[in-house]
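1. Sequence and predicted model, in that order:
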Amino acid sequence: MQLTAENLAARRGEDLIFVNVSFHLTAGETLVLTGKNGSGKSTLLRVAAGLLKPEKGTVIFRDEESPQGRHPGEVSHYLGHRNAMKDELTVAENLEFWQSFLGHPAAAGLPLEDAAEAVGLSGITHLPFGYLSAGQQRRFAFAKLLVAHRPVWILDEPTAALDASADRLFAGLIETHLAKGGIVLAATHQPLGLKNVHEMKMTGFAGMDQRVWG
Ligand SMILES: Nc1ncnc2c1ncn2[C@@H]1O[C@H](COP(=O)(O)OP(=O)(O)OP(=O)(O)O)[C@@H](O)[C@H]1O
């Protein structure tokens, strides 16, 4: 399994945000994007998730099922700054929606209550999402990644609004995903405590600088 980006460039409005961004990740690998506010981290993640068209370049996912390659958006979970949950629906209804929308019967995820337990919040999935605290909401947004299996996780500031125990819990869930051969592409200002992580420091239009972080 591999995720490859070649010479990506992206524009927001009139401005080119970055050019010549390339990376190659195989099963079990993580790329963390760092860089100051506005340097293009979210923009690159949105391009990888297929939510934004690149100005130039390609990003392709390949595995045994699709040796010719497919867009990673088809096989990714995207956790953005927002939680992508409806306040009026219960947690269970939200997760059921994502399970059927993102799920692939051949590679089922966890049952809802198991996913809730995995993020440390069993027993409250009957509550409307809007009743929950910011940290609880973020934990359930993360549970979305567990109810349907997808090999690539694209995470934009996954630990925003979380306490230290949730940071560790998310790091553990990410480690488990990587140990099973998953791929992670994440933007974060906080180290996630992962090992052997590649770092790409976004520097805006000037390009980027690649090194190992961990
Ligand atoms: N829809 C848009 N139209 C025009 N410019 C935009 C749009 N969305 C983002 N930008 C600009 O693109 C640049 C990159 O934004 P991006 O959100 O990718 O940065 P970031 O590195 O993720 O920042 P942060 O650390 O603050 O989350 C910023 O200068 C931002 O103002």
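-> That came in fine, so what should we check first? Just so we're clear, the structure is a prediction, and the values are computed from it rather than from any experiment.
2. Within the helices and strands, which one has the residue positioned nearest the centre of the chain?
-> The C-alpha lying nearest the average C-alpha coordinate of the chain belongs to residue 154 (Cα atoms, centre = their mean; 2.1 Å). Using DSSP states H and E, residue 154 sits within strand 152-156.
3. could you point out which element follows that strand?
-> Towards the C-terminus, the helix or strand next in line after strand 152-156, according to DSSP H and E, is helix 164-179.
4. Just the angle for that following helix relative to strand 152-156, thanks.
-> Direction vectors for helix 164-179 and strand 152-156, defined by axes from the mean of the first three to the mean of the last three Cα atoms, to 10 degrees, enclose an angle of 150 degrees.
5. Report the next helix or strand after helix 164-179 in sequence order.
-> strand 183-187.
6. about what we covered before: can you give me how far the strand holding residue 154 is from the chain middle?
-> Strand 152-156 sits 1 Å away from the centroid of its parent chain (Cα atoms, centre = their mean, to the nearest Å).
7. Same question for stretch 14-21.
-> Taking Cα atoms, centre = their mean, one finds stretch 14-21 lying 21 Å from the centre of the chain it belongs to.
8. next one: stretch 37-57
-> When distances are taken as Cα atoms, centre = their mean, stretch 37-57 is centred 13 Å away from the chain's centroid.
9. Rounded mean pLDDT for that stretch, please.
-> Throughout stretch 37-57, pLDDT has a mean value of 95.
10. What of stretch 113-130?
-> Stretch 113-130 shows a mean pLDDT of 96 in the predicted model.
11. list the contacts for residue 169?
-> Remark: with contacts taken as Cβ atoms under 8 Å, 6 or more residues apart in numbering, residue 169 is in contact with 119, 120, 139. All C-beta spots, glycine's among them, are computed from the backbone N, C-alpha and C.
12. what residue ranges in the protein score low on pLDDT?
-> 104-107, 205-214 (pLDDT under 70).
13. let's go with 50 and repeat that
-> 206-207, 211-214 (pLDDT under 50).
14. Outline the domain layout of it.
-> The domain map for the chain lists 1-75+152-214, 82-150, with the assignment taken from automatic domain parsing.
15. what's the closest of those to the ligand?
-> domain 1-75+152-214 (3.2 Å; Cβ to the nearest ligand atom).
16. check whether the closest one contacts the ligand.
-> Yes: looking at domain 1-75+152-214 against the ligand by Cβ under 6 Å from any ligand atom, the contacts come from 12-13, 17, 35, 37-43, 187, 202.
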